[in-house]
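1. Please work out how this folds:
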Amino acid sequence: MFTFLMIVEIVLSILLILVIIVQSSKGGGLASSMGGGNIGAVFGVRRTSDFLTKTTTILATLLIVLALVINLLFLPGKNTADSESIIQSTQTSLPPPQVPQNLPK
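-> Numbering: from 1, shown residues only. All right, here's what the predicted structure looks like:
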C-alpha cells in the first residue's frame, strides 16, 4: 500500500509540474516556448486559464493531503517502541561535572 501511494504521489507531482509550466504568465513564460501557447485554441483563452488554475489547485490539494496521509498512516518503520526507547535514553541522568580541586596559583 505504501509503494502504491508513493507512486501516486510521484505521478501527482509530475502532473502538477506540467500544469504549472503550461500556464502562461504575464510575460509569456515557458508556455509560449513549449507549445503551451496553442492550448488556448482548444477552450478559448479565458476558459483555458480557468481550467489550468482549477487543475493546479486540485492537484496541489491532492498532493498535500496524500503526503499527510502517507506520513501519518503508512510511513514504514514507525512504531511506538522505538520512540519510547529514545525518550527513555535521553532521560538518564549524567553524573555532575567534576571541578578540579588543586588549581595552580
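2. all helices in this protein, in order from the N-terminus.
-> Secondary structure of the chain by DSSP state H: the helices cover 2-22, 29-33, 40-43, 45-69, 80-90.
3. mean confidence score for the longest one?
-> Confidence over helix 45-69, taken as the mean pLDDT, stands at 86.
4. Check which residues of it are buried.
-> When neighbours are counted by 16 or more other CB atoms under 10 Å, the buried residues of helix 45-69 are found to be T48, L52, T55, T56, L59, L63, L66. All C-beta spots, glycine's among them, are computed from the backbone N, C-alpha and C.
5. Please name the nearest non-neighbouring residue to I70.
-> Counting by CB to CB, 6 or more residues apart in numbering, I70 lies nearest to L5, which is 5.2 Å off, once chain neighbours are set aside.
6. wait, L59
-> With CB to CB, 6+ apart as the measure, L16 is the residue that lies nearest to L59, at 4.4 Å, once sequence neighbours are left out.
7. okay but the one you found is in contact with A60, surely?
-> Yes: taking contact to mean CB atoms under 8 Å, the distance of 6.1 Å between L16 and A60 places them in contact.
8. shaky segments in this structure?
-> Across the chain, residues meeting the criterion (pLDDT under 70) sit at 24-46, 76-93, 103, 105.
9. go with 80
-> Within the chain, the stretches falling below the threshold (pLDDT under 80) are 24-49, 74-97, 99-105.
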